[in-house]
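Undergrad: compute the structure for the input listed below.
(one chain, ligands or ions: 1)
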Amino acid sequence: MKRVLLIGGSSEIGLAIVRRLAAGEPVRPVLLGRDPEALERALAGLEAAGCSDGRVAVIDARDAGAHQSAVADAFAEAGGFEIVVLAVGLLGAQAAFDADPALAREVLETNFVGAGSLLLESLRALRAQGSGTLIVLSSVAAQRPRKANAIYGAAKAGLDALANGLADAVHDDCVRVLIVRPGFVRTKMTAGLPVAPLATTPDAVAEATVKGLERGSGTVWAPAIMRPVFALLELLPRALWRRLPL
Ligand SMILES: NC(=O)c1ccc[n+]([C@@H]2O[C@H](COP(=O)([O-])OP(=O)(O)OC[C@H]3O[C@@H](n4cnc5c(N)ncnc54)[C@H](OP(=O)(O)O)[C@@H]3O)[C@@H](O)[C@H]2O)c1
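TA: Below is the predicted model of the structure:
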């Protein structure tokens with residue numbers, strides 16, 4: 001029985017990863033998130049997909065003071081986890097940020113400080129047990145933030161850099177970090193937005209993630225074509241990058 005902790009327990013991508021893991025072997029899931037009803041619905045969906053003996057607990061990414069005990073309690077009650085998936089994220093809209101700086105701060109706090117704090121607590125617990133993998137949902141936006149998503153992109157770049165640096169720090173403790181960088185994924189996060197080129201689905205991201213786990217990859221791009229695309233985009237001179245309708 002594989003024990004899986006999903007932080008951001010109502011995330012469509014995170015739940016697709018848990019379902020995909022459960023297709024390979026039985027999974028006992030624990031879902032941490034901020035909305036108890038959404039967590040219960042998500043758990044029922046996982047149980048319908050074959051998971052068993054799951055539980056949910058409430059945590060808010062912006063309440064960093066509660067992270068250490070919430071993650072430690074989840075590990076203690078489950079007897080540890082083979083896999084932790086960190087899927088907390090908030091997109092927001094650049095136009096709204098211009099109108100209300102508090103919304104921009106919420107996106108920075110959720111995606112970098114909050115998710116970063118949950119990342120640190122997850123790694124602390126995995127190191128203490130001396131094994132396990134942390135899957136971090138980053139984004140292609142971390143590679144080169146665009147003017148249309150500068151706040152979200154900057155926060156994701158910070159989280160991605162933190163995960164990258166700590167992946168090397170925990171390597172000798174037999175703990176792995178897998179960074180997943182999806183492009184545009186059709187989930188409730190992107191509902192109502194114009195669909196970007198190379199858009200993908202939660203199930204396709206989950207498939208790429210589990211393949212990356214099996215291969216021992218450090219980073220997964222989803223879809224894989226995003227890696228060369230962003231390698232090229234990163235080389236574009238700023239004057240050209242600024243004018244692209246991205
Ligand atoms: N969808 C995309 O195009 C895309 C692309 C690249 C990367 N990603 C990243 O992939 C991850 C999963 O995204 P998704 O597409 O699955 O979107 P999603 O379904 O909206 O999942 C986001 C998760 O973050 C949770 N969350 C947000 N703020 C929180 C807070 N303050 N405290 C606790 N939980 C909080 C949400 O909880 P609620 O349900 O309660 O809001 C939800 O569980 C995110 O990190 C996202 O940034 C998504």
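
Undergrad: could you check the pLDDT of D98?
TA: Here, the pLDDT recorded for D98 equals 84.

Undergrad: how far away is it from L120?
TA: As judged by CB to CB, to the nearest Å, D98 and L120 stand 31 Å apart. From N, CA and C alone the C-beta is placed, and that goes for glycine too.

Undergrad: these two: who's more crowded?
TA: L120 (16 against 10; other CB atoms under 10 Å).

Undergrad: need the contact list for that one.
TA: Neighbour list for L120: L166 [criterion: CB atoms under 8 Å, 6 or more residues apart in numbering].

Undergrad: pull the distance from the host helix or strand of it to the chain's centre.
TA: In this assignment (DSSP states H and E), L120 forms part of helix 115-129. Relative to its parent chain, helix 115-129 has a centroid offset of 14 Å by CA atoms, centre = their mean, to the nearest Å.

Undergrad: now the helices for the chain?
TA: Under the criterion DSSP state H, the chain contains helices at 12-24, 36-48, 67-78, 94-99, 101-108, 115-129, 150-170, 202-215, 226-235, 238-243.

Undergrad: right, and these - which one's nearest A191?
TA: Closest to A191 of those is helix 12-24 (CB to CB; 10.1 Å).

Undergrad: quick one: buried residues of the closest one?
TA: E12, I13, G14, L15, A16, I17, V18, R19, R20, L21, A22 (16 or more other CB atoms under 10 Å).

Undergrad: rewinding a little: ok, which of the helices of the chain comes nearest P194?
TA: helix 94-99 (13.7 Å).

Undergrad: restricting to C-alpha, output that closest one in PDB.
TA: Extracted C-alpha coordinates of helix 94-99, given in PDB (Å, rounded to 0.1, in the frame of the first residue of the first chain):
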ATOM      1  CA  GLN A  94      -2.700  40.800 -13.700                       C
ATOM      2  CA  ALA A  95      -5.500  43.300 -14.200                       C
ATOM      3  CA  ALA A  96      -6.900  42.600 -10.800                       C
ATOM      4  CA  PHE A  97      -3.500  43.000  -9.200                       C
ATOM      5  CA  ASP A  98      -3.100  46.400 -10.800                       C
ATOM      6  CA  ALA A  99      -6.500  47.400  -9.200                       C
END
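
Undergrad: list the contacts of the helix-or-strand element of the chain with minimal mean pLDDT.
TA: Least confident element among the helices and strands of the chain, by mean pLDDT, DSSP states H and E: helix 94-99 (a mean of 84). Outside helix 94-99, the residues within contact range by CB under 8 Å, 6+ apart are L103, A104, V107, K147, A148, N149, A150, I151.

Undergrad: which residue sits closest to whatever residue of the chain ends up closest to the ligand, ignoring its sequence neighbours?
TA: Here the chain gets closest to the ligand at one residue, G89, 2.3 Å apart by CB to the nearest ligand atom. For G89, ignoring the flanking residues on the chain, the nearest one in space by CB to CB, 6 or more residues apart in numbering is N111 at 5.8 Å.

Undergrad: how about that neighbour, what does it touch?
TA: V88, G89, L90, Y152, A155, K156, G158, L159.

Undergrad: relative to P202, how far out is the last one?
TA: L159 sits at a distance of 19 Å from P202 (criterion: CB to CB).

Undergrad: if anything else comes up later, I'll come back, but that's it for now.
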